[in-house]
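Asker: Just need the structure, nothing else, for what follows:
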Amino acid sequence: MCLRWPSEPALLIIYSLTSAASIIEDNLSQDVENENGAVAARVYRLAAVLAADVYAVECMRRKPPLARDLLHFWRRVDRYFQDL
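Answerer: Numbering: from 1, shown residues only. Down below sits the predicted model:
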């Protein structure tokens, strides 16, 4: 998403992931035990980790951080999302 929309606010990426997880959870999963529930839980966790990266970028005086700032952060500091 960051590669496709580098000029978008970084928080939009988090919002998109959280919204997708919510839709999966509400519409596709009956309980946490099934596959869709596991997918929703993973997307929520990714959004939480991404929020930590956004905060780290903000602490580097990039306010408000854009998706391109996250790409730079991942290349230099934390490769987790770059390697996904």
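
Asker: Lowest mean pLDDT among the helices and strands of this protein, which one is it?
Answerer: helix 35-59 (a mean of 87; mean pLDDT, DSSP states H and E).

Asker: Next secondary structure element downstream of it?
Answerer: Counting by DSSP states H and E, the next helix or strand C-terminal to helix 35-59 is helix 67-76.

Asker: contacts for that next one?
Answerer: Helix 67-76 is contacted from outside by 1-3, 5-10, 12-13, 50, 53-54, 56-57, 60, 62, 80-82, using Cβ atoms under 8 Å, 6 or more residues apart in numbering. For glycine as for every other residue, the C-beta is placed from the backbone atoms N, C-alpha and C.

Asker: picking up where we left off before, give me the helices and strands touching the least confident helix or strand of the chain, please.
Answerer: Other helices and strands packing on helix 35-59, by 3 or more Cβ pairs under 8 Å, 6 or more residues apart in numbering; DSSP states H and E, are helix 10-23, helix 67-76.

Asker: Can you add mean neighbour count and give those back as TSV?
Answerer: Putting the helices and strands packed on helix 35-59 into TSV (neighbours: other Cβ atoms under 10 Å) gives the following:
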stretch	mean neighbour count
helix 10-23	16
helix 67-76	17
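
Asker: a markdown table please, covering those helices and showing mean pLDDT.
Answerer: Formatted as a markdown table, the helices and strands packed on helix 35-59 follow (pLDDT from 0 to 100):
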| stretch | mean pLDDT |
| --- | --- |
| helix 10-23 | 90 |
| helix 67-76 | 93 |
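
Asker: can those go into a markdown table with extra columns for distance to Ala40?
Answerer: Output for the helices and strands packed on helix 35-59, formatted as a markdown table (distance: least, Cβ to Cβ, whole Å):
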| stretch | distance to Ala40 |
| --- | --- |
| helix 10-23 | 5 |
| helix 67-76 | 23 |
